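# Next input, structure requested:
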Amino acid sequence: MRSVKTHREVFEAFACCGYRVNLHYIPVYRQPYYEKLGFKAGCCPEAEQYYAEAISLPIYPGLMESLQDSIVMELIRVIKN
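This next block holds a predicted model:
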């Protein structure tokens, strides 16, 4: 399911509800070391697109099923609104 919301908007909506999600997966060539070697934004458009859209939802061994359900329902609510 694609959303018209940015990953930043989804991140902020989750933060308002008290859920901690992460924005990461920055393409390696966007790290300062590689930028100094001459790599520029846009060099790998698929990686850039993934970076612009991906969020990481909470997941860990002790995450109760009821909380998993709540997180999924919140995600559905956020991307539909």
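# Could you list the low-pLDDT ranges of the chain?
The model of the chain has pLDDT under 70 over residues 1-3.
# residues touching the most centrally placed residue in the chain, list them.
Closest to where the C-alpha atoms of the chain average out (CA atoms, centre = their mean) is residue 55, at 1.5 Å. By CB atoms under 8 Å, 6 or more residues apart in numbering, the contact set of residue 55 is 7, 10-11, 14, 21-23. Backbone N, C-alpha and C define where each C-beta goes, glycine included.
# Not counting the strand or helix carrying residue 67 itself, show me its contacts.
For residue 67, the host element (DSSP states H and E) is helix 65-80. For helix 65-80, contacts defined as CB under 8 Å, 6+ apart pick out 1, 3, 5, 9-10, 13-14, 17, 19, 57-58.
# quick one: the helices in this protein?
Secondary structure of the chain by DSSP state H: the helices cover 7-16, 32-36, 45-53, 65-80.
# wait, which of the contacts of helix 65-80 is closest to residue 45?
The nearest member of those to residue 45, counting by CB to CB, is residue 3 at 19.8 Å.
# residue farthest from the centroid of the protein?
residue 37 (27.0 Å).
# just checking, residue 42 touches residue 48?
Yes - between residue 42 and residue 48 a contact is recorded at 6.3 Å, counting by CB atoms under 8 Å.
# What residues sit buried inside stretch 30-39?
Within stretch 30-39, the residues that count as buried by 16 or more other CB atoms under 10 Å are 30, 39.
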